[in-house]
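> How does the following fold in three dimensions:
(2 chains)
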Number of protein chains: 2
Amino acid sequence: MTTCLHRQVFLASRPVGIPQASDFAIRSVAIPEVGDGQVRVRNVYLSVEPAMRGWVNAVGNYSDPVPIGDVMRSFAAGVVEESRAPDVPVGTWVSGLFGWQEQAVIDATQIDRTVTERDLPLSTALGVLGINGVTAHYGLLKLGEPKAGQTVVVSTAAGSVGSCVGQIAKLKGCRTVGIAGGEVKRQMCLDAFGFDAAVDYKAPNFLDQLAQACSGGVDVYYDNTAGAISDAVWAHLNVGARVVVCGTASVANWDPPPTGPRVERQLLVKRARVQGFVIFDHIDHEPAARRDLAQWLRAGHLRYLEDVLVGIEQAPDAIAGLYRGENLGKRLIRISDL
Amino acid sequence: MTTCLHRQVFLASRPVGIPQASDFAIRSVAIPEVGDGQVRVRNVYLSVEPAMRGWVNAVGNYSDPVPIGDVMRSFAAGVVEESRAPDVPVGTWVSGLFGWQEQAVIDATQIDRTVTERDLPLSTALGVLGINGVTAHYGLLKLGEPKAGQTVVVSTAAGSVGSCVGQIAKLKGCRTVGIAGGEVKRQMCLDAFGFDAAVDYKAPNFLDQLAQACSGGVDVYYDNTAGAISDAVWAHLNVGARVVVCGTASVANWDPPPTGPRVERQLLVKRARVQGFVIFDHIDHEPAARRDLAQWLRAGHLRYLEDVLVGIEQAPDAIAGLYRGENLGKRLIRISDL
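Numbering: from 1, shown residues only, chains lettered A, B, ... in the order given. The predicted model follows:
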């Protein structure tokens, strides 16, 4: 009897702040036997997202940190290659928290979703039809409550969530202003994602650019960054503004929290609302969001960009790379053919 | 023909931060003739409230600042003594923005409200049945959305808004924690207003006191202070917490805003909501709120304290006194008999 090996990326040390390549390591281990009610998924795409920083940090977060020595927690999309679960035939496309590994032997109940949109690329299950698109849809529409004619500002606007937020806001009749880092991403906002205006937060005249782009004030701010970028946007909030806090990508370390201008007076004067959310609380919203998103994709109303790294050995540095801002679009690691 | 004089307190200079006695002056001027559709109100009580700081400061706020030389803007309650408005007979009790003056000749349309609760003291029209009570009722119930069994924390808990918030929360079945400055006010929270726990923010062990009082976490924080007191409460927010920003009494100057710990991460991890509001946006809520409040008063479920200064010459220093924390209960100036 031969033993088959597969590779896993595991957490080797506890990062403080942004997880670096050195916090992970790769090992080859035996593929477990598939038990009753289980399936073996061959992962095709592994996901890389900013939230992973929170999944490995020790300080208070919205999920327990990945233990040292465990396979890195990650969304993945793949194909069922062995099945002892009657409802999940071999060949099914699936997605879920399968981890940074080549093969995932899991209970069938751990499958988040059977990917039924087989006319669309499997990779979309991790991006625009996955957590990123659903996050954009929920945060903007349910918490931001944009009205036609209002101004919606999005930070990390060229990213996978931000670009989706901007396009949905545009579909709802809003004026959209994207904030991104560098001229390339700024142009992407305009050319690829149809923002009405786009501002480079790295430009020396960022504050002036923003003031000009937001001359009518800001009704919805979809915040993926926190920090100084947010301070600049807050200065333009209109009365009744809604701020949706989705991510804090611009702040490397929250232990202890950095300081910034207090916002209570602005909240009061502008009768503003700020709401933080974590999409995992709202899985009931997913089917409706995914229906909308798939329909917009097929109709050509929604564009997405992917930044695909090839090979599992790319994984350890992939999160740090996100925070270096080197990716354009949703970052994925392709580790096998479909 | 004789001319009758009355006294007015007017804004003599533009304050930066908290308005001081020297920013006001008193003059005697002729009482205007009562024109068609007008009434003359003899003010009995003038109101003093923290929000008046914002009404006289030049920096961005929720109402235009009082011009230099104008009578100080203020709520007042009084009796109609002359009327050329058919719907408002002499003897009617009224309240509205009648200003810091002895007599107010106004269009009848400027009357906010005919005070119909003549079984209750007229002064309540400016406190527990006026802007303070309605603010507490709206902010807590509509924005805080307290559920029975949850923990509600209130800052300036011995004050006119805070004490009302605490008692309403208790009526709704919540556990209530009051924060007040000094042992006298802390005891008032427990003895007069029935808070389950009360904490002195001036005590050296304030943080420990608060942690003990909030060992089950905080579901609703009704914030009247901002600043370091709020930072301490934020550390205890439960998942799904609601923060209601009603006032910023602990911060003397917002130009420029002081700095404090950034809150985005806490908002995200705790899926928290923060909402600022200004009660003037919600006058449609007033009748229902006042019905509740008057009913609770008559049933003995709601207590209120008043800090009554006597004589219009007390007005210039009255706002600064609030910020010095010298009052116990709602501050009023009584300038004539009823």
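
> Let me know how buried residue A:310 is, in neighbour terms.
10 (other CB atoms under 10 Å in any protein chain shown). Quick note: C-beta positions are derived from backbone N, CA and C, even for glycine.

> Just the pLDDT at it, thanks.
On pLDDT, residue A:310 comes in at 96.

> And the one 5 residues further on, by the same measure?
Among the per-residue scores, residue A:315 holds a pLDDT of 98.

> Now do it against residue A:10, distance only.
Residue A:315 sits 10 Å away from residue A:10, going by CB to CB, to the nearest Å.

> got any residues that touch both of these two?
The contact sets of residue A:315 and residue A:10 overlap at A:24, A:26, A:72, A:100 (CB atoms under 8 Å, 6 or more residues apart in numbering or on different chains).

> Up against chain B, what does the stretch 151-300 of chain A have?
By CB under 8 Å from any CB of the partner chain, the part of the stretch 151-300 of chain A that sits against chain B consists of A:223, A:226-227, A:230, A:245-248, A:251, A:254, A:256-278, A:281.

> filter those to the buried ones?
Listed as buried from these are A:223, A:226-227, A:230, A:245-248, A:251, A:254, A:257-258, A:260-278; burial here means 16 or more other CB atoms under 10 Å in any protein chain shown.

> one step back: among residue A:315 and residue A:10, which residue is more densely surrounded?
Neighbours per residue (other CB under 10 Å) separate residue A:315 from residue A:10, with residue A:315 holding more: 23 against 20.

> ok but the more buried one is inside a helix, no?
Yes - assigned with DSSP: H, G, I helix; E, B strand; the rest coil, residue A:315 falls within a helix.

> re the thing from before, buried among the shared contacts of residue A:315 and residue A:10? Make that a ChimeraX selection.
One line in ChimeraX is enough to select the buried ones among the shared contacts of residue A:315 and residue A:10; burial here means 16+ other CB under 10 Å:
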select /A:24,72,100
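
> Farthest-apart pair in the shared contacts of residue A:315 and residue A:10, please.
Across the shared contacts of residue A:315 and residue A:10, no pair lies farther apart than A:26 and A:72, at 10.3 Å, counting by CB to CB.

> ok, how many other residues are close to residue A:301?
Counted with other CB under 10 Å, residue A:301 comes out at 14.

> Residue B:325 versus the residue lying closest to it once chain neighbours are set aside, what's the distance?
Leaving out its chain neighbours, the residue that sits closest to residue A:301 by CB to CB, 6 or more residues apart in numbering or on different chains is residue A:171, at 6.1 Å. Applying CB to CB, the value for residue A:171 to residue B:325 is 52 Å.

> same thing with residue A:222?
In terms of CB to CB, residue A:222 sits 40 Å off from residue B:325.

> Tell me which of those two has more neighbours.
residue A:222 (30 against 16).

> Break chain A into its domains for me.
A:5-127+A:306-334, A:131-280 (automatic domain parsing).

> what would these look like in TSV with distance to residue B:141?
Output for these, formatted as TSV (distance: least, CB to CB, whole Å):
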stretch	distance to residue B:141
domain A:5-127+A:306-334	28
domain A:131-280	16
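
> Pick the most buried one from the ones you listed.
For these, the largest average neighbour count (mean count of other CB atoms under 10 Å in any protein chain shown) is found in domain A:131-280, namely a mean of 22.

> what about it, how long is it end to end?
Domain A:131-280 has an end-to-end distance of 9 Å (criterion: CA to CA, to the nearest Å).

> ditto for stretch A:231-240
Distance across stretch A:231-240, first residue to last, is 17 Å (CA to CA).

> returning to that earlier point: which neighbours do residue A:26 and residue A:72 share?
Common neighbours of residue A:26 and residue A:72 (criterion: CB under 8 Å, 6+ apart): A:9, A:10, A:315.

> ok, now how distant is the closest residue to the last one other than its chain neighbours from residue A:66?
Going back to what we said before, that points to residue A:315. In this structure, residue A:315 finds its nearest non-sequential neighbour in residue A:9, 4.5 Å apart by CB to CB, 6+ apart. Per CB to CB, residue A:9 is found 11 Å from residue A:66.

> Common neighbours of these two, please.
Shared contacts of residue A:9 and residue A:66, counting by CB under 8 Å, 6+ apart, come down to residue A:72.

> Give the other helices and strands that the helix or strand harbouring residue A:40 contacts.
Assessed by DSSP states H and E, residue A:40 sits inside strand A:38-47. With contacts taken as 3 or more CB pairs under 8 Å, 6 or more residues apart in numbering or on different chains; DSSP states H and E, strand A:38-47 sits against strand A:76-83, strand A:103-107, strand A:330-334.

> how much space is there between residue A:100 and residue A:54?
Distance, residue A:100 to residue A:54, using CB to CB: 16 Å.

> quick one, what contacts the residue nearest the centre of chain A?
By CA atoms, centre = their mean, chain A has its centre lying nearest to residue A:132, at 4.3 Å. Under the criterion of CB under 8 Å, 6+ apart, the contact list for residue A:132 reads A:49, A:126, A:160, A:161, A:164, A:330.

> Let me know whether the last one touches residue A:304 as I believe.
It stands for residue A:330. Yes - the criterion here is CB atoms under 8 Å, and residue A:330 meets it with residue A:304 at 6.6 Å.

> Find the residues that touch each one of these two.
Shared contacts of residue A:330 and residue A:304, counting by CB under 8 Å, 6+ apart, come down to A:127, A:128, A:160.

> Distance to residue A:81 for these - can I get that in TSV?
Shown next, in TSV, are those (distance: CB to CB, whole Å):
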residue	distance to residue A:81
A:127	23
A:128	26
A:160	28
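
> so can I have CSV of these showing secondary structure and pLDDT?
Output for the shared contacts of residue A:330 and residue A:304, formatted as CSV (DSSP: H, G, I helix; E, B strand; the rest coil; pLDDT from 0 to 100):
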residue, secondary structure, pLDDT
A:127, coil, 93
A:128, coil, 95
A:160, helix, 91
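
> With respect to chain B, which of those is nearest?
residue A:160 (17.6 Å; CB to the nearest CB).

> so what's that closest one closest to, chain neighbours aside?
Using CB to CB, 6+ apart and skipping the chain neighbours, the partner closest in space to residue A:160 is residue A:330 (3.6 Å).

> Quick check: the one you found vs chain B, distance?
Distance, residue A:330 to chain B, by CB to the nearest CB, to the nearest Å: 20 Å.

> residues in contact with that residue?
For residue A:330, the contacting residues are A:123, A:126, A:127, A:128, A:132, A:159, A:160, A:304, A:305, A:306, A:307, by CB under 8 Å, 6+ apart.

> Those residues in strands, which ones?
Using DSSP state E, the subset of those located in strands is A:306, A:307.

> Dump the contacts of residue A:330 to JSON lines, plus distance to residue A:338.
Below are these laid out as JSON lines (distance: CB to CB, whole Å):
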{"residue": "A:123", "distance to residue A:338": "9"}
{"residue": "A:126", "distance to residue A:338": "13"}
{"residue": "A:127", "distance to residue A:338": "16"}
{"residue": "A:128", "distance to residue A:338": "17"}
{"residue": "A:132", "distance to residue A:338": "20"}
{"residue": "A:159", "distance to residue A:338": "25"}
{"residue": "A:160", "distance to residue A:338": "20"}
{"residue": "A:304", "distance to residue A:338": "18"}
{"residue": "A:305", "distance to residue A:338": "20"}
{"residue": "A:306", "distance to residue A:338": "14"}
{"residue": "A:307", "distance to residue A:338": "18"}
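
> Give the next helix or strand downstream of the host helix or strand of the residue nearest to residue A:315.
In the assignment (DSSP H and E), residue A:9 maps to strand A:5-11. Helices and strands here follow DSSP H and E; after strand A:5-11, the next one along the chain is strand A:24-30.

> That next one pairs with which strands?
strand A:5-11 (antiparallel) (DSSP bridges).

> Next, residue A:322: phi, psi?
phi -60, psi -50 (degrees, to the nearest 10).

> for it, what are its contacts?
For residue A:322, the contacting residues are A:48, A:49, A:50, A:331, by CB under 8 Å, 6+ apart.

> Any idea which of those the model trusts least?
Among the contacts of residue A:322, residue A:50 carries the lowest pLDDT, at 86.
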